[in-house]
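>>> I'd like to go over a predicted model; first the sequence, then the structure.
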Amino acid sequence: MKKIRTGCALFFLLLFASCVPADYSGSLADRGESGIGGTGQLADKKTGIGGTGFIAGNDGEVLGIVGRITGFGSILVNGVKVEFEPATPVSLAGRQATSADLSVGQVVEVLAVNSNGTVRAESIGIRPEVIGRISSPAPDKTAFQILGQQVVIGADTILPATWTNGPPSGATVRVGGFRDAQGRIFASRIEEGLLDEADFLIGVVQSRFAGGAVVAGLPVTIAEAADDFQVGDIVRISGGYRQGTLVAKTVERDRPGLFQVRVDRLLVEAVPVVGPGGGFRLGVLPFRVKDMSGLDPDRPQVEGMPLLFMGVMDADGGFNLQRISMGPAVSRGAAPATMGQGRSPGSSSTGKAPVRSPLSGPGSIRRMGR
């Protein structure tokens, strides 16, 4: 009975979000082709988020934003224009990076402040779900594995421009995107990694054993700090992949609320999944949705779509949901000439029939030709 109730609640959640009006006050506005500016201000109805400023909150409030980069000028994440400076700290899988490493389609974690209606980034973290070497590419070129993780290429996935014949086996890549309830990663962007880049994985700890753990279905051996996390925790692991096992060099546990400081308002793009013991988690993120009441069941269903969750964290780490919407579409505005080559949109075609994925639909990453 509990499983039935949980399944029904998820069904209603997806129904509700699929038809939220795109122009209501403070929500996603018209998904036009107008690109973005460089002001860092809340977008108007022709570029992203309009209305009263509900999403960005009040002057001085701290914002936590997790979602795809969908345009440049500043960066456009979840429909919010976020201004940043060349000196703004940027990280990639926990290591130091620069603004030149930012690209359309990447999933990022942005800590920002509302300053008189202008959203300014304090830090930007590029969040790949997995980094490693490609194995077992599908014959139809629409899927492959990395570190035992299934990666799905959709019709709108942004691919490296050098991929002329599908995923090259053995190539090192970084994959940004969203996991579904089965743990598959539906890629929003795949980009080439460095030859000597460490393997990397974000996942849920499923079990523990002496000297290690199973994370996202992958055995992980851990030399130190083995008692710093528990089953059900979300961890980020960097190390080396050896014969079906990830040998960890560093293990970091995501804290509730994700960011290192308290945030006043959260804007999170994720696929809702049922967590251990019931309840809903926002993808592989340390956010648990507390209150599912008030959802309108009289909506047509959209399965597996990444949704935009707006809310606040309470004192015990619960995510108090205030609004749900479909995610923003990608702006077709060109990246500034001063940006690095990492911003190039690359290719979005596999040369095969498109895969129906959670990213193929309203608010998805669109084809980004040069």
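Sure, I can see it.

>>> Give me the number of neighbouring residues for Gly60.
Using other C-beta atoms under 10 Å, Gly60 has 10 other residues around it. C-beta here means a position set from N, CA and C on the backbone, and glycine is covered the same way.

>>> From Val263, how far out is it?
Remark: distance between Gly60 and Val263 (C-beta to C-beta, to the nearest Å) = 12 Å.

>>> what do you get for Leu282?
Applying C-beta to C-beta, the value for Leu282 to Val263 is 14 Å.

>>> higher neighbour count, the two?
Leu282 (26 against 21).

>>> which residues pair with that one across the strands?
Pro272 (DSSP bridges).

>>> Check Leu63 too.
Ala112, Arg265.

>>> same check, this time on Ile126
Taking DSSP bridges as the rule, Ile126 bridges to Leu92, Val108.

>>> Double-check it against Gln106; I have them as touching.
Yes - between Ile126 and Gln106 there is a contact under C-beta atoms under 8 Å: 5.4 Å.

>>> anything in contact with each of the two?
Residues touching both Ile126 and Gln106 (C-beta atoms under 8 Å, 6 or more residues apart in numbering): Gly176.

>>> Looking at these two, which is more packed in?
More neighbours surround Gln106 than the other of Ile126 and Gln106, with 26 against 23 (other C-beta under 10 Å).

>>> Around the nearest residue to the more buried one once chain neighbours are set aside, count how many other residues there are.
Once flanking residues are discounted, Gln106 sits nearest to Gly176: 4.8 Å by C-beta to C-beta, 6 or more residues apart in numbering. By the criterion of other C-beta under 10 Å, Gly176 has 24 neighbours.

>>> Now for Gly176: which residues touch it?
Contacts for Gly176 (C-beta under 8 Å, 6+ apart) come out as 68, 105-107, 126-129, 187-191.

>>> Then Ile222?
Counted by C-beta under 8 Å, 6+ apart, Ile222 has contacts Gly211, Gly212, Ala213, Ala248, Val251.

>>> do the same with Val204
By C-beta under 8 Å, 6+ apart, the contact set of Val204 is Val215, Ala216, Gly232, Asp233, Ile234, Pro276, Val284.

>>> Strands - which of these land there?
Val215, Ile234 (DSSP state E).

>>> Give me the buried entries from the contacts of Val204.
By neighbour count, with 16 or more other C-beta atoms under 10 Å, the contacts of Val204 hold Val215, Ala216, Asp233, Ile234, Val284 as buried.

>>> Tally up the residues packed near Ala315, please.
By other C-beta under 10 Å, the residues close to Ala315 number 6.

>>> Can you pull out the low-pLDDT segments for the stretch 251-370 of the chain?
275-279, 290-304, 317, 327-370 (pLDDT under 70).

>>> before we move on, back to that, can you tell me which of the contacts of Ile222 are in strands?
Of the contacts of Ile222, the ones assigned to strands by DSSP E are Gly212, Ala213, Ala248, Val251.

>>> between the residues you listed, which is nearest Lys81?
Taking C-beta to C-beta as the measure, Lys81 lies nearest Val251 of the ones in strands among the contacts of Ile222, at 34.8 Å.

>>> Any buried residues in stretch 78-91, and which?
So, applying 16+ other C-beta under 10 Å, buried residues of stretch 78-91: Asn78, Gly79, Val80, Lys81, Val82, Glu83, Phe84, Thr88, Val90, Ser91.

>>> That one - what's its average pLDDT?
The average of the pLDDT scores along stretch 78-91 is 91.

>>> And for stretch 159-172?
94.

>>> go on, stretch 194-201?
For stretch 194-201, the per-residue pLDDT averages 93.

>>> Buried ones in that stretch, by neighbour count?
Buried-residue list, stretch 194-201, by 16+ other C-beta under 10 Å: Glu197, Ala198, Asp199, Phe200, Leu201.

>>> Mind listing the residues bridging to the third one?
Counting by DSSP bridges, Asp199 forms beta bridges with Gly239.

>>> From Asp101, how far out is it?
18 Å.

>>> cool, and the second one?
From Ala198 over to Asp101 the distance is 16 Å, taken as C-beta to C-beta.

>>> How about Pro306?
22 Å.

>>> Which one's more surrounded, the two?
Between Pro306 and Asp101, counted using other C-beta under 10 Å, Pro306 has the larger neighbour count: 29 against 19.

>>> can you give me the helices in the chain?
Applying DSSP state H to the chain gives helices spanning 2-18.

>>> pLDDT score for Thr52?
With respect to pLDDT, Thr52 scores 33.
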